[in-house]
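J.: Mind folding the following:
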Amino acid sequence: MTPKLTEAAQRVEWVLKKVWNGSQTRMAADIGVSQSAISHVLTGRQQPGRKFLAAVSSNSVINSTWLITGEGDPLVTQITEPGRRALYIARRLFEGHPEDNGDCLGTMLEVPIRFYRPSRYWYEVAPGSPLTSYDGLRIRIGDYVLFESDRRAWPPSLVDHPCIVRTSEDGLQFDHILNQYGDQIETRRRHSKEPIKDEHGRYYRSIQEDDHEASDSHTLKISDIMAVGIFRMGSFGDAGMRPT
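T.: Coordinates of the predicted model:
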């Protein structure tokens with residue numbers, strides 16, 4: 001008896017018929033996976049994993065959010081922005097590539113195709129996050145920051161970018177790059193405190209502006225950086241993508 005396909009596998013079967021006219025050979029060549037991998041998914045012998053679904057959604061006419069979650073239209077239409085992709089939102093800090101840290105990833109958020117790379121992932125800024133306290137970054141609670149884990153895709157200058165660093169004392173944590181000297185960087189690390197609320201109970205910052213003891217500078221090697229913040233998407237009247 002043929003195993004019943006999961007909903008994700010059924011969506012893969014649908015795009016195979018709609019986009020590739022049922023040709024597994026063409027689909028395999030287009031998305032860079034083996035035909036046997038496609039066959040295993042469509043016969044129920046293997047579940048479509050994160051890497052497989054990301055490969056399928058690399059086709060620009062496929063709505064990646066629909067493919068992964070079932071929400072929205074299967075194909076990109078004239079009403080939606082063409083060529084959008086979905087990237088995972090990290091639930092906690094991690095080292096390395098998102099594909100190797102599936103247990104640290106949660107739901108997905110779309111990004112315009114010009115900002116898409118499989119080595120990138122979103123991080124939602126939570127109350128108490130030190131990211132909200134760095135002058136000039138304009139990052140607020142509820143914003144989404146797009147982090148790049150591939151050093152080859154980092155900007156030439158890392159100054160004024162948020163980052164995730166690894167330290168021997170505190171492990172992984174957020175930081176802010178102040179200066180860059182060759183293969184070394186100077187960072188200003190903030191220490192999280194209880195978030196502050198306004199009179200309506202809304203969070204608006206996490207650290208006192210005049211609390212000088214809440215931050216200190218460190219000199220690190222670039223190799224200590226796990227990921228660099230590339231863009232942010234604000235949720236406080238600051239719609240759209242903009243540089244950090």
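J.: In terms of residue numbering, what are the domains of the chain?
T.: Annotated domains of the chain cover 1-78, 83-244 [automatic domain parsing].
J.: These: lowest mean pLDDT?
T.: Note on these: domain 83-244 shows the lowest mean pLDDT, a mean of 76.
J.: now the domains of the chain in JSON lines, with mean neighbour count?
T.: Glycine gets a C-beta too; all of them are placed from N, C-alpha and C. Shown next, in JSON lines, are these (neighbours: other C-beta atoms under 10 Å):
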{"stretch": "domain 1-78", "mean neighbour count": "15"}
{"stretch": "domain 83-244", "mean neighbour count": "16"}
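J.: Give me the distance between the nearest residue to residue 131 once chain neighbours are set aside and residue 9.
T.: Ranked by C-beta to C-beta, 6 or more residues apart in numbering and with sequence neighbours excluded, the top spatial neighbour of residue 131 is residue 139, at 4.8 Å. Taking C-beta to C-beta, to the nearest Å as the criterion, residue 139 is separated from residue 9 by 39 Å.
J.: mind checking the longest helix of this protein?
T.: helix 7-20 (DSSP state H).
J.: Tell me which other helices or strands the helix or strand following it touches.
T.: Remark: after helix 7-20, the chain's next helix or strand is helix 24-31, criterion DSSP states H and E. Helices and strands touching helix 24-31, by 3 or more C-beta pairs under 8 Å, 6 or more residues apart in numbering; DSSP states H and E, are helix 7-20, helix 35-42, helix 50-56.
J.: what's next to the longest one, contact-wise?
T.: Read that as helix 7-20. Here helix 7-20 makes contact (C-beta atoms under 8 Å, 6 or more residues apart in numbering) with 5, 22-24, 26-27, 30, 38, 41-42, 44, 47-48, 52-53, 56, 59, 61-62, 66-68, 70, 74-75.
J.: counting contacts, what elements does the helix or strand hosting residue 123 pack onto?
T.: Here residue 123 sits within strand 120-124, counting by DSSP H and E. In terms of contacts (3+ C-beta pairs under 8 Å, 6+ apart), strand 120-124 is packed against strand 84-90, strand 105-112, strand 144-148.
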